[in-house]
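Asks: Next comes the sequence, and after it the predicted model I'd like to discuss.
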Amino acid sequence: MTAPDIPPAPTTPALSDARHAAAEAVTWQVRVGAAWTWRLLIIGAGLYVITRILLRIELVALALALALFLTAVLLPLERLFRRILPGPRSLPAALALLIGLAVFAGVAWFVVWQITTHSTELGNQITTFVNKTKNWLQTGPLRLKSSDLDKLTTNITETIKSHQGQLVSGAIATVRTVGEVFAALLLILLSTFFMLRDGDQIWTWLLRLFPARAHRRVDQAGRAGWGTFGGYMRGQLLIALFHGVSIMIVLLILRIPLAAALGVLIFLGSFIPLVGLTVTGALCVAIALLEHGPTAAIVVAASIIVLVQLEAHLLQPVIMSRSVDIHPFAIALTVITGTILAGIPGALVAVPLTAFLNTTIHALRDPSG
């Protein structure tokens, strides 16, 4: 005896209307929000994966980023040599790279020479400062006892002794890092040379990765982004040079030791917007305080504040207005995010990368492109 066949339940108009009403109960705004949410989640996941990959190959990524920086700065010089010296493109690229290396090596040698020349004087100033601080702690408002200061010094010494193993392991890691740094320097030199010599060919190869119908738009957007990137790097170079020379003159007038080396430090720190000049400027203020007391430190601090205001209201609008169109608040967020993700290298790369992406995305969205 077989069970009778049970026919499927018929779809009644009332059930269909209920399903339609349930779908309509979700408002259009909620649907749009949900669509944006899952797309943003996918984009965030993709960015997270890319960031993790870059952090795993941080040295290689940083080397390529620095090579791009050098290429953007040296490219006008390479083009000048190309017009003067017709023939193989290797010669103009090599000459531009050698000039860049010579300038960098000269600056590095000068800084090292300044530090070794004034190391004894600076050490004496630090010792004097420590003694004055100790005396102030004893005779000033805190009125610390000599026994308390001795106990604090003993604790610091014992802490260093108890962590000698970690210090040794850190030194070994530093030796290993030196080898990695030399490898990164070689990669920077090779990458910069080939980008100077074969930049157009490299860009043509990258274009082939995109669909053929998108070549023209991607080419225009990429060239616009590269123009912004190069304009930013060359503009920041001028601003950093202005900062370094200005601070060096102030320090020379005040007869601060290491004035020229500190000017170079200000120059390098200025490549990190907002943060770099503040940190390196604080070091200049500290050395001025060690050498000539509070008055000199106040003068140096005031000079740095004036430089920051000049950069914000004069140098940035005049030099960067044609290259970078990013609000200072966005720059601050970018620098902080880059610092959190990758430290000083992240802060160095963050703003030019943001400027490049900003221009490229605007060019891609331009309907007239």
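Replies: Arrived safely.
Asks: Could you chop this protein up by domain?
Replies: With domains defined by automatic domain parsing, the chain comprises 57-118+161-209, 215-369.
Asks: quick one, helices of the stretch 201-350 of the chain?
Replies: In the stretch 201-350 of the chain, the segments counted as helices under DSSP state H, counting those that start in this stretch are 215-253, 259-269, 275-292, 294-310, 328-365.
Asks: Tell me which of the domains of the chain is the most buried.
Replies: Of all the domains of the chain, domain 215-369 has the most neighbours on average by mean count of other Cβ atoms under 10 Å, namely a mean of 18. Every C-beta, even on glycine, is put in place using the N, C-alpha and C of the backbone.
Asks: so where's this structure uncertain?
Replies: Low-confidence segments of the chain (pLDDT under 70): 1-25, 118-134, 136-138, 140-179, 312, 316-328, 367-369.
Asks: ends of stretch 251-263, how far apart?
Replies: 8 Å (Cα to Cα, to the nearest Å).
Asks: which residues touch residue 266?
Replies: Neighbouring residues of residue 266 by Cβ atoms under 8 Å, 6 or more residues apart in numbering: 240, 243-244, 247-248, 277, 280-281, 284.
Asks: Name the nearest of those residues relative to residue 92.
Replies: residue 240 (25.6 Å; Cβ to Cβ).
Asks: any idea how far that closest one lies from residue 214?
Replies: Distance of residue 240 to residue 214, given as Cβ to Cβ, to the nearest Å: 37 Å.
Asks: Kindly report the same for residue 292.
Replies: If you go by Cβ to Cβ, the gap between residue 292 and residue 214 works out to 62 Å.
Asks: Likewise for residue 354?
Replies: 23 Å.
Asks: need the contact list for residue 244.
Replies: 263-264, 266-267, 270.
Asks: try residue 93
Replies: 78, 193, 196-197.
Asks: Kindly report the same for residue 180.
Replies: residue 59.
Asks: From residue 52, how far out is it?
Replies: From residue 180 to residue 52 the distance is 19 Å (Cβ to Cβ).
Asks: which phi and psi does residue 270 have?
Replies: Here is the backbone geometry of residue 270 (degrees, to the nearest 10): phi -70, psi -10.
Asks: wait, isn't it in contact with residue 235?
Replies: No - the pair residue 270 and residue 235 does not pass the contact test of Cβ atoms under 8 Å, sitting 11.4 Å apart.
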